[in-house]
Every structure is written in structure tokens, then in C-alpha cells.
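# Could you look at this predicted model? Sequence included:
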Amino acid sequence: MHSLLALDDWLRTIDFWQPAPQLLLALQRGEALSDAHVAELASGKYIKSWQAGIVLRALPLERLIPHAETLLGHLQDSNWPAFPDVAEVVRAMGTAAIPAIQHVFQTDPRDGDWMERILWSVVDYWEDDCVQQLQPTLIAYVHFAERGGASIAALETLERVLLPDKHVALYQELRTLYADSAELTTKLQQAFQY
């Protein structure tokens, strides 16, 4: 493939309903993608392309890890067709995706819906050792007390890796920070039985 137009044309040849051998053959062409094509595929241009999602999932992880932060942009809306495939790719990256996730949490903390989607579609699937590495970022997000309630999701994720006393203390802090919102206080109380 020599141009991005060729990339668009190639993506149109991928048909979810075609027999598995044909789909596999079409996906094998992805191995010949240049680094520029992989970057373009990971970009927001194909965020609403289920074909791009399938191709991204079929590519070797080492080709996608440099684009982890860009790929996280695909998780901003769970209705986007590439969402499930990209979530699977980022989950598979494991610790290699942590710097990108930390950066997103630090630079866009007010986009609570996006932070929640990253948590429930990627981080909540990880083993505890990966989550442990995100602990400082998630604790900072609880302290941030996002006004849509996404900090509750961070506290739910932290429950797996924090000592109970530390978790209860963060719960109490968040309860104080959300005291002016009956809706958030109720959501917090429903999430935890403290």
C-alpha cells in the first residue's frame, strides 16, 4: 500500500460477513502496512470504522504500542464501531499502555465519561499488578472528585489493590467532596457498603 487512499480502499474490502478464510486473507494484507499507515489507522480518522477496529486488533501489539495514547481517543464514545476492538488492543498492551493512560487522566480529567470508559473497558480487565502501577494516578483522580462521578469508578477500581483502611479513607474524602450533590453522594453510597 503506497498511499492513504489505498488504505481507505483496502479497508472497504474487509467485510465482517465474508467467510473466515477470506477475512483472514484480507487481514493478512495488514502486515504490509507501513508505519505511516499504522499511525493513520490509529488516528481519529478511522474512529468510526469497524473495519479499522478489526485491522487494529489483528496487527502485532509492538506496532501499536507507540500509538497507545492516540488509540485511547477511540474509547471516548462506546458507540463508535472501533471501540470494542481498540479496547481489546489497549487491554492487551498491559503495562505498556500505562504511561498513555496516566497522561490522559492528567490532561483531560474533566472528561469523566472518557475516564470511566478507560477504566471499565481496559483497566478493570487487568491483573492487580498492572492496576497497582496506576494506583497513584487513580488516587489523584479520586482527590480530583470529578463532578460527573467518574472518581467513584476510580475508587471502585482501587478497591482491588488498596488496603481496606486506605480505601475507606478515600471513600470518606470523596463523600466529603461530593457532599453538595445528593446524586453523587447516593451513587457513592450505592457503590460501597461503608
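Arrived safely, thanks for sending.
# Mind checking the pLDDT average for stretch 21-36?
Confidence over stretch 21-36, taken as the mean pLDDT, stands at 73.
# Next, the distance between the ends of that stretch.
27 Å (C-alpha to C-alpha, to the nearest Å).
# F83 touches L71, doesn't it?
No. The pair formed by F83 and L71 falls short of the contact definition of C-beta atoms under 8 Å, at 10.7 Å. (Glycine included, C-beta is placed from N, CA and C.)
# So the residue positioned nearest the centre of the chain versus A153, what's the distance?
By C-alpha atoms, centre = their mean, the chain has its centre lying nearest to I118, at 3.5 Å. Using C-beta to C-beta, to the nearest Å, one gets 9 Å for the distance from I118 to A153.
# so which strand or helix has the closest residue to T95 other than its chain neighbours?
Nearest residue to T95, sequence neighbours excluded (C-beta to C-beta, 6 or more residues apart in numbering): C130, at 5.7 Å. Secondary-structure element containing C130, defined by DSSP states H and E: helix 128-144.
# where does the chain have its least confident helix or strand?
For the chain, scoring each helix and strand by mean pLDDT, DSSP states H and E identifies helix 20-28 as the least confident one, at a mean of 68.
# Next SSE downstream of that one?
Taking DSSP H and E, what comes next after helix 20-28 is helix 35-42.
# And for L64, the neighbour number?
23 (other C-beta atoms under 10 Å).
# returning to what we had before: have a look at F83 and L71 and say which one is more surrounded.
Looking at F83 and L71 with other C-beta under 10 Å, you find the greater number of neighbours at L71, namely 23 against 20.
# quick one: contacts for the more buried one?
For L71, the contacting residues are A42, L56, L64, V86, V89, V90, A100, taking C-beta atoms under 8 Å, 6 or more residues apart in numbering as the criterion.
# Pretty sure the second one sits against V86.
Going back to what we said before, that points to L56. Yes. Judged on C-beta under 8 Å, L56 makes contact with V86 at a distance of 6.1 Å.
# any idea how far Q172 is from S151?
When distance is defined by C-beta to C-beta, Q172 is 13 Å away from S151.
# Just want to know which of the two has more residues nearby.
Looking at Q172 and S151 with other C-beta under 10 Å, you find the greater number of neighbours at S151, namely 28 against 11.
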